[in-house]
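K.L.:
Build me a model:
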Amino acid sequence: MAVNPYEPIENVNEWHDYFTLQLGECIEDGIIDFSLPDYDFDSFDNAQRNRVYDLITQKYYYFELGIMPVKVWQNELLNTLNLEMLQLKPLYQAIKDGYDLFTSESEWYKGRHVFSDFPQTRLSSQNQDYASTANDNEHEIIRTGDMLDRYIDYVARWKHPDSILVDAVKTCFCGLVSVSLNVY
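P.N.:
Have a look, this model is predicted:
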């Protein structure tokens, strides 16, 4: 008996789970569409919103929805994102304002020392123009730490707010690989 030569076929996702819905399945079938206003949360801006939903899709594409039905799951997802954004909005603003993670401290000072060479001249709010001498002082000190120490601190303690949001919605998903017959 002759064996037919192998002919490659198009690889398509097959959803064989019986009792659950996977995020990817819901997206492909149009059940979940993160671009709709139904999935708006208290995001910092539209770019952040779209970026977070792209990261959620990439991370949890083959995970099952942790709550059924889908509308209840959507409500839980939005509640989780909104609660996390209460804490993360100032962090997003600091990043937008150009916060430098590798600067340990910054100090800025501006001052003026005004005096008169004539003892009889007294300064008040009405006769400030009679002062004969003034010195302006202004300086800025920016201290950056040792780059290696800053990097180690960065790796140990810093987590991007997008990553915090993606981790926060972990409770909305279930990673039961055994429910799918088409596992890798």
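
K.L.:
Could you list the low-pLDDT ranges of the chain?
P.N.:
The model of the chain has pLDDT under 70 over residues 11-19, 101-106, 108, 112-134, 143-145, 176-184.

K.L.:
rerun at 50
P.N.:
180, 184 (pLDDT under 50).

K.L.:
Counting by contacts, list what the lengthiest helix in it packs against.
P.N.:
Longest helix in the chain, counting residues (DSSP state H): helix 70-96. Using 3 or more CB pairs under 8 Å, 6 or more residues apart in numbering; DSSP states H and E, the elements in contact with helix 70-96 are helix 161-168. Where you see a C-beta, it was placed from the backbone N, CA and C, and this is true even at glycine.

K.L.:
got a list of contacts for the helix it packs on?
P.N.:
With contact meaning CB atoms under 8 Å, 6 or more residues apart in numbering, helix 161-168 is reached by 48, 51-52, 55-56, 59, 80-81, 83-85, 88, 91-92, 95.

K.L.:
Show the buried residues in the residues you listed.
P.N.:
For those, a burial check counting by 16 or more other CB atoms under 10 Å picks out Q48, V52, L55, I56, K59, T80, L81, E84, M85, L88, Y92.

K.L.:
one step back: report the inter-axis angle for the longest helix of the chain versus helix 161-168.
P.N.:
160 degrees (axes from the mean of the first three to the mean of the last three CA atoms, to 10 degrees).

K.L.:
now, among the contacts of helix 161-168, which is nearest to G30?
P.N.:
Distance ranking of these against G30, using CB to CB, places I56 first at 17.2 Å.

K.L.:
gap between the helix or strand harbouring that closest one and the chain center?
P.N.:
Element membership for I56 (DSSP states H and E) is helix 46-60. Centroid separation between helix 46-60 and its chain, computed with CA atoms, centre = their mean, to the nearest Å, is 10 Å.
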